[in-house]
Every structure is written in structure tokens, then in C-alpha cells.
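> Fold the following and give me the result.
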Amino acid sequence: MKFLMCNLKSNKDLKEILEYKKKIQNITNELVEFVLFPSDIYLGFFYNANFKIGCQNVSVYQSGSHTGEILAHQLASLKISYCLLNHAEANDTIENVTKKIHNACKENLKVVLCLGEENENEDAYDIITKELDSIFSKLKKAEQEKIIIAYEPKWSIQSHMKEIKIINETIDNLKKYIHTKYDLTLPVLYGGGINTENVDKLIKSKKIDGFLIGSCANNPENILEILKKI
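Alright, predicted model coming up:
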């Protein structure tokens, strides 16, 4: 099964999100796992959605009085299925990401873990495997199994997409690395600079298990078009 995950980030006010919901509320597709990541304040609007809903982050705390924090068990009560962690725009630390994964897994939330190099000329494979190891070394096997990797070069967010050949090679090598070192076969998505035109090249790839799209997802028509292409 392919994944199409849409991160709305902090976009859309109340009127805009209600209009957005009308246009996508009937999305159903047995071949694609469609997941929407709206701003936290709108999560409840999608409580009975036909598709899966994800949160853009989760608290490092499990319980207690923590003003402004959203806890994993609160998200689970809203039928949230996924949480997006380690996104470049979150500026998180490995220690905090690890704590968040622990909390998410306790509530059976699947984790979409973003990994990617900072600059275009860096060795992506070396950087993401080191970051992966720093996180996975602190996780139990059962937690590792609940993770979906999103390879998203930080420099390509809201920019141009990386060359498809390099994307394929990086994801293929990453899958082999995870299988060899951790005895796991995990889905690996690609994100960064995706739009309705260049996604055609990505769809043809047998290495990529799906897509994490940002700016392109702000227009619901783009989502519907990409779903049809998939």
C-alpha cells in the first residue's frame, strides 16, 4: 500500500479549514493510506473522517499539569492515528524526539519520523543513518516497528525536489541499512518540494512507499489530483 501524508503546518484559519474539509471529507481509497496533519486546534474537526488523521507533534510528557502541551493519550482519545516527529521546522532534539516516540507508542500512535540532510551538498545517507541510529538505539523493538520513515531533505522543504535518481538510491540504501542492522522492513516515504507535476516521477519509483507533502497540500485539488495519479 502507498501512503499520501499531507502536512498543513500552521496554515488556514477557521473559515479556510472548514472549506478545506468540505472538499476532502469524502476521500476514500483502498489502495492509498491518506493521512491529514492539520493544525492541532483543528484536530477535533476531523474526528469522524473517512481517512486517517495525524498530529504534527506530541508532548514529551505522559501526564500532569503542563500548560500548552498536548499529551499522547489526549490525541489517542480523538482517534488520532499518526504523529509527525523530528520535522525540520520543529527544531527538536534527539532526546525529546525519543521521549515523544515512547509516549506515542504507548498510545498506539504510529510515528512518522522525519530524517534528512541540512544542505544539498551533504552526504544524505551518512547523515540520516547516524541520526536514525541515535534514535533507534534508545527504542525497544516494538517501538521501532511502529515507525514510518519520511526522508525529507531539510533544504528542499518549500524548495525544489531532489533529483529522482538520488532519492531512489538514498531510500534504497536506507531500507537495506534498516533491514541489516535492525532486522526490520519499514516503509520509507519521500518529502520535500513535491508538487502535482514532479510527483509523476516519484510515483514510478518502486523504492518509495509514499509521499509527505507540505505546501502542495494547502490546495485540496492538488491532493485529489495526486491521489488519482497514485
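> I'd like the next helix or strand past the top helix by length along the chain.
The residue-count maximum for a helix in the chain (DSSP state H) belongs to helix 164-182. As assigned by DSSP states H and E, the chain's next helix or strand after helix 164-182 is strand 188-191.
> Leu84 - that's part of a strand, no?
Yes. Under DSSP: H, G, I helix; E, B strand; the rest coil, Leu84 falls within a strand.
> who does it bridge with?
Beta-bridge pairing for Leu84 (DSSP bridges): Val112.
> For the longest helix of the chain, list every residue counted as buried.
By neighbour count on 16 or more other C-beta atoms under 10 Å, the buried set for helix 164-182 is 164, 167-168, 170-172, 174-175, 178, 182. Where you see a C-beta, it was placed from the backbone N, CA and C, and this is true even at glycine.
> now stretch 12-27
Quick answer for stretch 12-27 (16+ other C-beta under 10 Å): 12, 17, 20-21, 24, 27.
> In three-state terms, label the nearest residue to Asp123 once chain neighbours are set aside for me.
Leaving aside its chain neighbours, Asp123 sits nearest to Glu117 (7.4 Å; criterion: C-beta to C-beta, 6 or more residues apart in numbering). Of the three states, Glu117 takes coil under three-state DSSP.
> For Glu117, give its distance to Lys175.
Distance, Glu117 to Lys175, using C-beta to C-beta, to the nearest Å: 17 Å.
> Over to Pro153?
Relative to Lys175, and taking C-beta to C-beta, Pro153 is found at 17 Å.
> repeat for Ile148
12 Å.
> overlap in contacts of the two?
186, 188 (C-beta atoms under 8 Å, 6 or more residues apart in numbering).
> tell me which strands and helices the one helix or strand Leu202 maps to is in contact with?
Taking DSSP H and E as the definition, one finds Leu202 inside helix 199-203. If you count contacts as 3 or more C-beta pairs under 8 Å, 6 or more residues apart in numbering; DSSP states H and E, helix 199-203 packs onto helix 164-182, helix 220-229.
> Make JSON lines from these and add mean pLDDT and distance to His66 to it.
Shown next, in JSON lines, are these (pLDDT from 0 to 100; distance: least, C-beta to C-beta, whole Å):
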{"stretch": "helix 164-182", "mean pLDDT": "94", "distance to His66": "32"}
{"stretch": "helix 220-229", "mean pLDDT": "94", "distance to His66": "34"}
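> quick one, which of those helices is nearest to Leu31?
helix 220-229 (9.3 Å; C-beta to C-beta).
> list the buried ones in that closest one?
Buried, per 16+ other C-beta under 10 Å, within helix 220-229: 220, 222-223, 226-227.
> what does that helix rub up against?
So helix 220-229 is contacted by 4, 6, 20, 23-24, 27, 29, 32, 34, 195-196, 199-200, 203, 211, 213, 216-217 (C-beta under 8 Å, 6+ apart).
> that older thread, list just the nearest of the buried residues of helix 220-229 to Phe136.
Out of the buried residues of helix 220-229, the member with the shortest distance to Phe136 (by C-beta to C-beta) is Ile226, at 30.3 Å.
> can you count the residues close to the residue nearest to His102 when sequence neighbours are not counted?
Excluding its sequence neighbours, the residue lying closest to His102 (C-beta to C-beta, 6+ apart) is Glu143, at 6.9 Å. By the measure other C-beta atoms under 10 Å, the count of residues near Glu143 is 18.
> Which other helices and strands does the helix or strand where Glu143 lies contact?
Here Glu143 is covered by helix 141-144, with elements defined by DSSP H and E. Helices and strands touching helix 141-144, by 3+ C-beta pairs under 8 Å, 6+ apart, are helix 94-106.
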